[in-house]
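**Student:** generate coordinates for the sequence data below:
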Amino acid sequence: MSTRGNAALELNPATATGRPLSILLLEDSPLDAQLVTAQLEEGGLPATLECVAGRTAFTSALAKGKFDLILSDYNVPGFDGLSALDVAQTACPETPFLFVSGALGEDRAIELLKRGATDYVLKDRLERLGPSVRRALREAEGVRLRKRTEEALRRSEERYQMVAHASFDAIWDWDLQTDAMHWMGDATEEVFGFQLEEVGVDASWWRRHIHVDDRERVMAGLQRAFDSDDDRWQDEYRVLRKDSADAYVAAQGYIVRAPNGKVRRIVGAMRDITERRRAEEEKQQLVHEAQRRVEFEQQLIGIVSHDLRNPLSAILTGASLMLRRDDIQPWNAKAAARILSAAERATRMIRDLLDFTQARMGGGIPVQAAPCDFHALMLAVVEEARTAHPERTLLLEQEGDGQGTWDADRMAQVLSNILGNALKYSPEDTPVRVESRGEPTGVVVRVHNGGTPIHPDLLPRIFEPLQRGTTVGRSERSIGLGLYIVRQLVLAHGGTVDAQSSEAEGTVFTVRLPRLRASEMPSSSME
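**Tutor:** Numbering: from 1, shown residues only. Next up, the predicted model:
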C-alpha cells in the first residue's frame with residue numbers, strides 16, 4: 001500500500017537541501033510504517049514517504065521516481081529484503097539502502113552489507129534510525145561528490161591528452177619536489193626522436209639531452225626565474241636527438257609556487273624551431289656575404305678610381321698643351337679636342353665614383369663651408385653650360401638675397417649635375433629654365449625642362465645609385481651616380497632635393513638649402 005496522499009506525512013523541519021527527503025519504504029505492516037514515520041519526525045528529518053508492500057509496487061516505484069533513501073523490511077511476504085536490495089542496486093545503485101527489520105543474525109547482516117546495503121536498524125532499536133539515515137545520506141553525498149570529482153578529472157585528463165596530441169608542442173610537467181618529469185604529446189617524439197615510453201621519467205634525462213654548450217646557460221636562466229617573482233620562463237636552446245643530431249627548440253613554462261613562494265612545479269611546452277633557426281642563420285650568412293661583397297666592390301672602385309686620376313691628369317695636360325701650340329695642324333687640333341673632351345668626361349665619372357664610394361662606406365661626402373654668393377655661383381654654372389652647349393637656350397631668373405654659407409665647389413657640382421641632366425634629357429629645340437630665389441631662411445633652385453617625362457616607376461628611385469633615364473636625341477655614356485651624389489651633397493648641407501615630372505608640366509628639380517653658418521653645418525658631413 002502507499003502512504004502518499006493519505007499515509008504520507010510532510011514534516012516541518014527543513015533538511016540540509018532545503019526540501020523534505022523523498023523516501024521509499026518497503027513495509028507490509030502499516031503500524032511499522034507509522035512507527036518509522038514517527039521516528040523520522042522525532043529525529044528532525046522532514047520526509048515524504050512512499051510505502052509499498054511487494055515486488056511489483058517496489059519495482060514500479062523505482063522506475064517512476066527518484067528517491068533520496070530506500071528503507072526496507074527484510075521479511076516481506078513473497079519478496080525478501082535481499083531480492084529488494086538486488087533490484088535497487090540495479091535500478092539506482094547510488095541511492096542509500098537501509099534495512100529496518102526485526103531480528104537479523106550477525107552473519108546475515110554482514111552479508112547484506114557486503115551486498116551493498118548501507119546500514120541496518122532493528123525495529124526494537126528505532127532510536128538509531130535518525131543517526132543511521134543522516135550517516136547514510138552523508139556517505140551517499142560523499143560518494144556522489146567523489147564520482148563527480150573523478151569524472152571531472154577524467155574529462156580534464158582526456159582534454160589534456162587531446163590537446164597534447166593536437167598540439168605541435170611537446171608538453172611537459174616537472175615536479176620539483178620529486179624531480180619527476182612527465183612528457184606528453186606526439187611532438188615529443190618529433191623533437192627528441194624518442195618514443196614516449198623511451199623518454200626518461202625524471203628531469204635528469206631532459207638535462208642530459210640539452211646541448212652541452214647550452215646547458216649551463218639554460219639552467220642558470222631557469223634558476224633566475226625560480227629565484228624571482230616571475231611565473232613565466234622561456235628560452236631557446238639546442239637539444240640532442242636520438243640520432244645524435246641537434247635540434248633547436250623554443251621552450252616556455254608556467255611556474256607554480258607554494259604559498260611561501262617556493263617553486264613546486266613548472267608546466268610547459270617545447271616546439272622544434274630547427275628549420276626556422278637554420279633559415280635565419282642562412283639569411284644572416286647571405287647578408288654578411290652581401291655586405292662583404294659590397295664593401296669589397298666599394299673599396300675596389302675607390303682604389304681604381306683614385307689610381308686612374310694620375311694618368312688622366314697627364315692626358316688632360318698633354319691635350320691642353322697640344323691645343324695651345326700655334327703650329328698645330330687642324331686635324332691634330334680636332335683629335336686633341338676629342339682627347340680633351342673624353343678625358344674630362346672620364347675625370348667627371350671618376351669623381352662621381354669616388355664620391356659614391358665615400359658616401360656608401362659611411363663617411364659621407366665631405367664639404368667645406370665658406371661664405372658664398374649663391375646667385376653668382378648659379379650664374380657661373382649656367383654660363384659654363386651655355387659655352388658647352390651653344391645650340392641650347394638657357395633662361396636664368398634670380399631674385400632675393402643669395403648670400404649664405406655653403407661649399408661653393410660642391411654646390412657647383414650639384415648645379416652642374418642637375419642642369420646637365422636637364423640638357424641631356426630634353427629636346428634640343430626646347431629651352432631649359434633655371435631659377436634661383438633667395439628666401440628669409442635659405443635659397444631655392446628650380447631647374448625645368450620639357451620633353452618626355454620621367455617614367456612613373458623610375459621617379460621614386462631617381463636619386464638612388466645606378467638609376468638612369470633615356471637620353472633624348474643622342475647616346476651618352478653615364479654610370480647613373482650623378483643624382484645620387486646630388487642628393488648626398490644637398491643632405492650634407494642640411495637641405496632637400498626632389499623631382500616632379502609629367503607630360504603636361506615637364507620635369508622640375510627643386511633644391512632647398514638653408515642659409516647656414518659654418519658652425520651650423522652637420523658635423524657628420526665635415527672633414
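
**Student:** all contacts plus neighbour counts: C-alpha atoms, from now on.
**Tutor:** Fine.

**Student:** how about the strands in the stretch 1-150 of the chain?
**Tutor:** Applying DSSP state E, counting those that start in this stretch to the stretch 1-150 of the chain gives strands spanning 21-26, 47-52, 69-72, 97-101, 119-122.

**Student:** can you give me the helices in the stretch 251-400 of the chain?
**Tutor:** For the stretch 251-400 of the chain, applying DSSP state H, counting those that start in this stretch gives helices covering 274-324, 330-360, 374-388.

**Student:** compare those and say which comes out lowest on pLDDT.
**Tutor:** Lowest mean pLDDT within these: helix 330-360, at a mean of 69.

**Student:** need the winner for burial among the strands of the stretch 1-150 of the chain.
**Tutor:** strand 97-101 (a mean of 26; mean count of other CA atoms under 10 Å).

**Student:** what are the pairing partners of that strand, and which direction each?
**Tutor:** strand 69-72 (parallel), strand 119-122 (parallel) (DSSP bridges).

**Student:** what about residue 313, how many residues nearby?
**Tutor:** By the criterion of other CA atoms under 10 Å, residue 313 has 14 neighbours.

**Student:** for it, what are its contacts?
**Tutor:** By CA atoms under 8 Å, 6 or more residues apart in numbering, no residues touch residue 313.

**Student:** okay, it and residue 47: tell me how far apart.
**Tutor:** Distance, residue 313 to residue 47, using CA to CA, to the nearest Å: 122 Å.

**Student:** again, but for residue 421
**Tutor:** As defined by CA to CA, residue 421 lies at a distance of 107 Å from residue 47.

**Student:** do residue 25 as well
**Tutor:** To residue 47, residue 25 is 11 Å away according to CA to CA.

**Student:** residue 248 too?
**Tutor:** According to CA to CA, residue 248 stands 68 Å off from residue 47.

**Student:** with residue 203 instead?
**Tutor:** As defined by CA to CA, residue 203 lies at a distance of 58 Å from residue 47.

**Student:** which residue packs closest to residue 448, ignoring adjacent ones?
**Tutor:** Spatial nearest neighbour of residue 448, excluding adjacent residues (CA to CA, 6 or more residues apart in numbering): residue 508 at 4.5 Å.

**Student:** mind checking the SS state of that neighbour?
**Tutor:** Reduced to three states with DSSP: H, G, I helix; E, B strand; the rest coil, the structure at residue 508 is strand.

**Student:** hang on, it packs against residue 453?
**Tutor:** No - here residue 508 lies out of contact with residue 453, judged by CA atoms under 8 Å, at a distance of 9.8 Å.

**Student:** mind listing the shared neighbours of the two?
**Tutor:** Residues touching both residue 508 and residue 453 by CA under 8 Å, 6+ apart: residue 501.

**Student:** got the domain ranges for the protein?
**Tutor:** Following automatic domain parsing, the chain resolves into domains at 21-145, 167-272, 287-360, 370-525.

**Student:** packing partners for the longest strand along the chain?
**Tutor:** Counting by DSSP state E, the longest strand found in the chain is strand 246-257. Secondary-structure packing of strand 246-257 (3 or more CA pairs under 8 Å, 6 or more residues apart in numbering; DSSP states H and E): helix 187-192, strand 232-240, strand 263-272, helix 274-324.

**Student:** what's the closest of these to residue 370?
**Tutor:** helix 274-324 (26.3 Å; CA to CA).

**Student:** just want the angle from the closest one to strand 246-257.
**Tutor:** For helix 274-324 against strand 246-257, the angle between stretch directions is 120 degrees (axes from the mean of the first three to the mean of the last three CA atoms, to 10 degrees).

**Student:** now helix 274-324: how far from the chain's centre is it?
**Tutor:** Averaging C-alpha positions (CA atoms, centre = their mean, to the nearest Å) puts helix 274-324 39 Å from its chain's average.

**Student:** and the angle for it with strand 232-240?
**Tutor:** Angle, helix 274-324 to strand 232-240, by the same axes, to 10 degrees: 80 degrees.

**Student:** show me where the stretch 1-150 of the chain has its helices.
**Tutor:** 30-42, 55-64, 81-91, 106-114, 129-166.

**Student:** what helices or strands is the third one leaning on?
**Tutor:** What it means is helix 81-91. If you count contacts as 3+ CA pairs under 8 Å, 6+ apart, helix 81-91 packs onto helix 55-64, strand 97-101.

**Student:** go again with 10 Å.
**Tutor:** Helices and strands touching helix 81-91, by 3 or more CA pairs under 10 Å, 6 or more residues apart in numbering; DSSP states H and E, are helix 55-64, strand 69-72, strand 97-101, helix 106-114.

**Student:** these: which one's closest to residue 459?
**Tutor:** Closest of these to residue 459 is helix 55-64, at 88.2 Å (criterion: CA to CA).

**Student:** export that closest one as CSV, just CAs?
**Tutor:** Only the C-alpha atoms of helix 55-64 are listed here, as CSV (Å, rounded to 0.1, in the frame of the first residue of the first chain):
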residue,chain,number,x,y,z
ARG,A,55,7.8,-6.7,-5.6
THR,A,56,5.6,-5.1,-8.2
ALA,A,57,4.9,-1.9,-6.4
PHE,A,58,8.5,-1.6,-5.3
THR,A,59,9.8,-2.0,-8.8
SER,A,60,7.2,0.3,-10.2
ALA,A,61,8.1,3.0,-7.7
LEU,A,62,11.8,2.8,-8.5
ALA,A,63,11.0,3.1,-12.2
LYS,A,64,8.9,6.2,-12.0
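
**Student:** make TSV from the helices and strands packed on helix 81-91 and add distance to residue 329 and mean pLDDT to it.
**Tutor:** Compiled in TSV, the helices and strands packed on helix 81-91 are given as follows (distance: least, CA to CA, whole Å; pLDDT from 0 to 100):
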stretch	distance to residue 329	mean pLDDT
helix 55-64	133	88
strand 69-72	136	89
strand 97-101	137	88
helix 106-114	137	80
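
**Student:** on that earlier part again, next, the angle from the longest strand of the chain to strand 263-272.
**Tutor:** Using the same axes, to 10 degrees: strand 246-257 against strand 263-272 is 150 degrees.

**Student:** given strand 246-257, what are its sheet partners and their directions?
**Tutor:** Using DSSP bridges, strand 246-257 pairs in its sheet with strand 232-240 (antiparallel), strand 263-272 (antiparallel).

**Student:** please identify the deepest-packed of those strands.
**Tutor:** strand 263-272 (a mean of 20).

**Student:** so for that strand, what's the average pLDDT?
**Tutor:** 89.

**Student:** host element of residue 429?
**Tutor:** Counting by DSSP states H and E, no helix or strand carries residue 429.

**Student:** quick check: phi and psi on it?
**Tutor:** Main-chain dihedrals, residue 429, degrees, to the nearest 10: phi -90, psi 10.

**Student:** my guess is it contacts residue 394. True?
**Tutor:** No - between residue 429 and residue 394 no contact is recorded; they are 11.1 Å apart, counting by CA atoms under 10 Å.
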